[in-house]
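> the following comprises the amino acid sequence and a computationally predicted model.
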Amino acid sequence: MTDQGEDVPEDVPENVPENTAQPRGGRDGAGSGGGEGAGSGGQGTGRRRWYRRRAARRTAVTVLALALVAASGLVLYEVARGDDCWRPPKATARLAQDPARATRALDPGAGYVADAQLPGGAEKNASPDALTDLLSDSHWHTCHGPSGPRLIGDILTAATTGRTADDRTSPARRHTAPMARILHRAVNLLGGRSEGGHNEVTYPAEFRPYAARLLASWPDAVDAGAAHHATRMLTTDPASGEVRLLFGAHNFDSEQLETVLADVAAEPKSYATLYDALRARAADRIEPLSGDQALPAAVQGAGRGTARRSGGPGDGEGPEEDSVSARLQGSTAGLAALAHARDEHVAAGRVPNAAAFDRDVLRHSAGGYAPGARAEGPKVRFEGSAALREPSATAAAWARAGLRAGTGEGDGGGSTTGGPRAADWFMDYEQQLRRTVDLWIARRHVPADTAERLRGALARSRELQIDLRYPDGPLLDH
């Protein structure tokens, strides 16, 4: 099955004069006469010669079409033999603008989840599927239109979020099980190898911004995978009905997630995209809470009952104290993993100028994220909303305000993108979370002693992540 349309290519001229319809390399005997010999069949002869000339231009006469037809009947792979670029079928290209169809086409199926939760499950899922073919090595360079990384990135975004990549105005959609399965499969493929050594995917550096955007819509999944304590791959949030994907139910999928994170962390724009989403999600998590929910009830001595956490990473099993400290406990994991990857790049020399890298992250960042002035109560904010959340200040203004709040002075730089100290402060994820929490404390009028205990809990969470990430001590200052 192909996406060619009619048998006659679109660029065949309606009337091909006989004296121009020559195969490359000169005229043949039958076509050298011109004149009356062509007669009424001249046009047909010319068209046949035009076809021969077109065939001669190719490196091969035959065309190889490898097609995978998903349940929706889509052609996901088509390439001409001898070409060094991909001509995506129209049906495939249209997936980027049709999220529902993209999800149906790329979903590996409900059986994927059951198999992947068992030892060796990834091997069972290693047979070629729509997503494997989409990420084929031959697809990263397109012959025309959008680049391979952009097209593939836009299709994956549509399939895993229910929104087109260029839609920044409509609200986030509820994540579903098919979306979660696609993301899990994509990360396992992009992260190297599935269990058993199958499905290795090598993608170009140009795909990093799209990989970052893919993860940015699933910050809870990133946090859970970086924390390494999930016990189930998929859970459903009881408050919102949204499906949660929890990397880490298997050791191999956490490793593959961190492989993708490490690659994202090698490029400032990609780093900024994911860094923004993880910080925005922290603001999302604490925004609905009132001032008396800074710490768990037992810690505050309030005697309040427990409530299942909504919006935070975890395995979704059992009740948990609903508090700012509980909701932010997992927020440090993804940020710590990202910072650790950046530090490793610097230490290995892959990022030769750390200061320049940090300034570029600050420049590319959308800004800083503060909770709203009032508690939003039980209002549910879907996980994907983090990537769409509007910043409360530009990155440079956020950094300058944070420095002033911490030291009583500015950063000493007059640049609109902030000075060196601003970049240093901005790249310290503990300072970012603390700034968000400090603004929540001020806007909820939290008593001073409770506020200090909350800050202490946040600092201990960060120290735990440092111990996990840097068993021999931090590689760098942050």
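Looks like it arrived, so ask away.
> show me where pLDDT drops low in the stretch 101-250 of the chain?
Within the stretch 101-250 of the chain, the stretches with pLDDT under 70 are 113-128, 193-200, 250.
> repeat that with 80
Along the stretch 101-250 of the chain, the parts satisfying pLDDT under 80 run over 113-128, 192-201, 228-231, 248-250.
> list the buried ones in whichever helix or strand Asn188 is part of?
Using DSSP states H and E, Asn188 sits within helix 177-190. Within helix 177-190, the residues that qualify as buried are 178-190, counting by 16 or more other C-beta atoms under 10 Å. Where C-beta positions appear, they are placed from N, C-alpha and C, glycine not excepted.
> tell me, how many residues neighbour the spatially closest residue to Ala386 that is not a sequence neighbour?
Using C-beta to C-beta, 6 or more residues apart in numbering and skipping the chain neighbours, the partner closest in space to Ala386 is Arg281 (3.9 Å). For Arg281, the neighbour count with other C-beta atoms under 10 Å is 31.
> same question for Arg281, what's its three-state structure.
Here Arg281 is helix, with the state taken from DSSP: H, G, I helix; E, B strand; the rest coil.
> where's it relative to Arg453, distance?
Arg281 sits at a distance of 23 Å from Arg453 (criterion: C-beta to C-beta, to the nearest Å).
> what does Trp398 give?
25 Å.
> ok, back up a step: contacts only, for the residue nearest to Ala386.
Applying C-beta atoms under 8 Å, 6 or more residues apart in numbering to Arg281 gives the contacts Pro219, Asp220, Asp223, Gly311, Ser331, Glu383, Ala386.
> also Leu95?
Here Leu95 is in contact with Leu74, Arg101, Ala102, Ala105, Leu106, Ile155, Ala158, Ala159 (C-beta under 8 Å, 6+ apart).
> what's the most distant pair in those?
Farthest-apart pair in the contacts of Leu95 is Leu74 and Ala158; separation 13.1 Å (C-beta to C-beta).
> could I get the full set of strands for this protein?
234-236, 243-245 (DSSP state E).
> mind listing residues that contact the last one?
The set of residues that contact strand 243-245 without belonging to it, under C-beta under 8 Å, 6+ apart, is 174-177, 179-180, 183-184, 218, 220-221, 224, 233-237, 313, 316, 383.
> give the ChimeraX command for selecting the buried subset of those.
Only the buried entries of these go into this ChimeraX selection, using 16+ other C-beta under 10 Å:
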select :174,175,176,179,180,183,184,218,220,221,224,233,234,235,237,313,316,383
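> buried residues in stretch 393-404?
If you call a residue buried by 16+ other C-beta under 10 Å, then stretch 393-404 has these buried ones: Ala393, Thr394, Ala395, Ala396, Ala397, Trp398, Ala399, Arg400, Ala401, Gly402, Leu403.
> quick one on the thing from earlier: can I get the contacts of Arg281 in TSV with distance to Ala375?
What follows is the contacts of Arg281, written out as TSV (distance: C-beta to C-beta, whole Å):
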residue	distance to Ala375
Pro219	21
Asp220	21
Asp223	23
Gly311	14
Ser331	18
Glu383	20
Ala386	19
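> narrow those to those in helices?
Pro219, Asp220, Asp223, Ser331 (DSSP state H).
> surely the second one meets Glu383?
Yes: under the criterion of C-beta atoms under 8 Å, Asp220 is in contact with Glu383, at a separation of 5.2 Å.
> same for the helix holding Asn188, what does it pack against?
Secondary-structure packing of helix 177-190 (3 or more C-beta pairs under 8 Å, 6 or more residues apart in numbering; DSSP states H and E): helix 99-106, helix 110-116, helix 130-134, helix 148-161, helix 208-216, strand 243-245, helix 251-264.
> got the angle for that helix vs helix 148-161?
150 degrees (axes from the mean of the first three to the mean of the last three C-alpha atoms, to 10 degrees).
> any idea of the mean pLDDT for stretch 428-441?
Stretch 428-441 shows a mean pLDDT of 92 in the predicted model.
> which residues touch that stretch?
With contact meaning C-beta under 8 Å, 6+ apart, stretch 428-441 is reached by 275, 279, 282-283, 286-287, 289, 294, 324, 328, 331-332, 335-336, 338-339, 368-371, 398, 401-402, 405-406, 425-426, 446, 451, 454-455, 458-459, 462, 478.
> so where's the stretch 251-400 of the chain shaky on pLDDT?
Flagging of the stretch 251-400 of the chain using pLDDT under 80 yields the residue ranges 251-253, 297-322, 329-331, 376-380.
> ok, the closest residue to Ala459 other than its chain neighbours - how many residues close by?
In space, and not counting its chain neighbours, Ala459 is closest to Glu430: 7.1 Å by C-beta to C-beta, 6+ apart. Neighbours of Glu430 under the rule other C-beta under 10 Å: 19.
> swap in Ser392?
By the criterion of other C-beta under 10 Å, Ser392 has 18 neighbours.
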